[in-house]
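*Asks:* Here is a sequence together with a model predicted from it:
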Amino acid sequence: MGQLAVKVLRKKQEAHDIASFELVKPDGSALPGFSAGSHIDVQVPGGLTRQYSLCNDAAEQHRYRIAVLRDAASRGGSTGMHDAVKEGDTLLISEPRNHFPLVHAQRTLLFAGGIGVTPLLCMAQRLAQVGAEFAMHYCTRAPSRTAFRDEIAQAPWADRVNFHFDDGDAAQKLQLEQVLAQPEAGTHLYVCGPTGFIDWVVKTADRLGWGKDQVHLEYFGAAPQDTAGDRAFQVKIASSGATYEVPADETVVHALQKQGIEILVSCEQGVCGTCITRVLQGECDHRDLYFTDDEKAKHDQFTPCCSRAKSDVLVLDL
């Protein structure tokens, strides 16, 4: 997939610690089309690549808009975007990809936690355009940390959105048990945000009887892994028969890189799916947030950027 050079036409502070970036082709021509739920890879100053959801109307062809949370715990991507990127700068991005698409449903419920609003904002715009029935619940720490609050309030579909603030009174907080009390076969749920928020929505839905195929999710950043028990294992390359050791403190991607075997990576957190590699033999220790439980149980593919092996050897289709 080719890279695109884009210009930062506008940079705007959308909320406390959240900035949006409007990206356009330098010559003003149309950008590749995208659908609601899509993201792009952005090469951030400092050499990192990060994924950001597109949060403008998917019908627009002249721009992409992303929003970035300044995260002190990140490895430099968010601070680079906030501090180093200015209006007029050129960035390299990928074409849009969609691992979080809307499916046709009688009714759609959108649950946004903080910066997780970005793909859901695009979904709300799309659902409103096609006259679909939907409601959105947007949870943030405080009004000052609520990106696109004014934009949503002025949208034709503002009456479908419920804001919930952690620092507000109890009456306005998200009563998730009530919202999800009656599972409906024709309703689909979409949830995006921090890991804890997603787990809360997914586990509540599961407990109340919603089907797994009705719940769609996208994480922003992986949860910290407990690596204390990690051990060395071997990977065998099917095409050559060569076997290499992966040390306890190193990823499969980095271990193979040292042997001249490159695997395309992007997020390096098991979120984006760029590095997915087929596994021909062996048992995986899945640490990604990309595959479903059913997919993980097959042990026929894994994310070598973060996942490891439970068996002594993994045979990879490389």
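*Replies:* Yep, it's here. Please read all numbers here as calculations on a predicted model, not as lab measurements. Residues are numbered from 1 along each chain as shown.
*Asks:* quick one: Arg287 and Pro304 touch, right?
*Replies:* No. Arg287 is not in contact with Pro304 according to C-beta atoms under 8 Å; the separation is 10.5 Å. Backbone N, C-alpha and C define where each C-beta goes, glycine included.
*Asks:* Could you list the low-confidence segments of this protein?
*Replies:* The chain contains residues with pLDDT under 70 at 1-2, 72-77, 220-226.
*Asks:* May I ask which helix or strand encompasses Leu92?
*Replies:* Per DSSP states H and E, Leu92 falls inside strand 90-94.
*Asks:* Counting by contacts, list what the lengthiest strand in the chain packs against.
*Replies:* The longest strand of the chain (DSSP state E) is strand 3-15. With contacts defined as 3 or more C-beta pairs under 8 Å, 6 or more residues apart in numbering; DSSP states H and E, strand 3-15 has these neighbours: strand 18-24, strand 90-94.
*Asks:* Direction included, what does it pair up with?
*Replies:* strand 18-24 (antiparallel), strand 90-94 (antiparallel) (DSSP bridges).
*Asks:* tell me which residues of that strand are tucked away?
*Replies:* Under the neighbour-count criterion of 16 or more other C-beta atoms under 10 Å, strand 3-15 has 4, 6-9, 11, 14-15 buried.
*Asks:* any idea how far Gly47 lies from Asp71?
*Replies:* From Gly47 over to Asp71 the distance is 18 Å, taken as C-beta to C-beta, to the nearest Å.
*Asks:* ok, those two, which is more surrounded?
*Replies:* Asp71 (16 against 8; other C-beta atoms under 10 Å).
*Asks:* now the more buried one: how far from His82?
*Replies:* 10 Å.
*Asks:* got it, and Glu283?
*Replies:* For Glu283 relative to His82 (C-beta to C-beta), the value is 41 Å.
*Asks:* more crowded one of those two?
*Replies:* The residue with more neighbours, out of Glu283 and His82, is His82; 18 against 13, by other C-beta under 10 Å.
*Asks:* Which residue is the nearest non-sequential neighbour of the more buried one?
*Replies:* Arg70 (4.8 Å; C-beta to C-beta, 6 or more residues apart in numbering).
*Asks:* Now do the contacts for that neighbour.
*Replies:* 17-19, 78-79, 82 (C-beta atoms under 8 Å, 6 or more residues apart in numbering).
*Asks:* Try it again at 10 Å.
*Replies:* Arg70 makes contact with 16-19, 78-79, 81-83, 115, according to C-beta atoms under 10 Å, 6 or more residues apart in numbering.
*Asks:* ok, now Leu208?
*Replies:* 176-177, 179-183.
*Asks:* Can you list the residue ranges for strands in the stretch 51-200 of the chain?
*Replies:* Ranges of strands in the stretch 51-200 of the chain, per DSSP state E, counting those that start in this stretch, are 64-69, 90-94, 107-113, 133-140, 161-165, 187-193.
*Asks:* okay, the angle between the longest one and strand 107-113?
*Replies:* Right, strand 133-140. Relative orientation of strand 133-140 versus strand 107-113 (axes from the mean of the first three to the mean of the last three C-alpha atoms, to 10 degrees): 10 degrees.
*Asks:* Which residue ranges make up each domain of the chain?
*Replies:* Listed by automatic domain parsing, the domain ranges of the chain are 3-94, 107-219, 233-316.
*Asks:* Can you give me the end-to-end span of the shortest one?
*Replies:* Pointing back at domain 233-316 there. With C-alpha to C-alpha, to the nearest Å applied, domain 233-316 spans 13 Å between its terminal residues.
*Asks:* swap in stretch 286-297?
*Replies:* 9 Å.
*Asks:* next one: stretch 69-86
*Replies:* End-to-end distance (C-alpha to C-alpha), stretch 69-86: 16 Å.
*Asks:* likewise stretch 291-303?
*Replies:* Start-to-end, stretch 291-303 (C-alpha to C-alpha) is 9 Å.
*Asks:* Show me which positions of that stretch end up buried.
*Replies:* Of the residues in stretch 291-303, 291, 296, 299, 301-303 count as buried by neighbour count, 16+ other C-beta under 10 Å.
*Asks:* Over to stretch 238-248?
*Replies:* Quick answer for stretch 238-248 (16+ other C-beta under 10 Å): Val246.
*Asks:* contacting residues around it?
*Replies:* Counting by C-beta under 10 Å, 6+ apart, residues outside stretch 238-248 touching it are 227, 229-237, 252-256, 258-259, 261, 278-281, 304, 308-309, 313-318.
*Asks:* Looking at the helices and strands packed on strand 3-15, which is nearest to Pro32?
*Replies:* strand 90-94 (9.7 Å; C-beta to C-beta).
*Asks:* So the nearest residue to Ile276 once chain neighbours are set aside versus Cys267, what's the distance?
*Replies:* Using C-beta to C-beta, 6+ apart and skipping residues adjacent in sequence, the residue nearest Ile276 is Gln301, 5.6 Å away. From Gln301 across to Cys267, the span is 16 Å (C-beta to C-beta).
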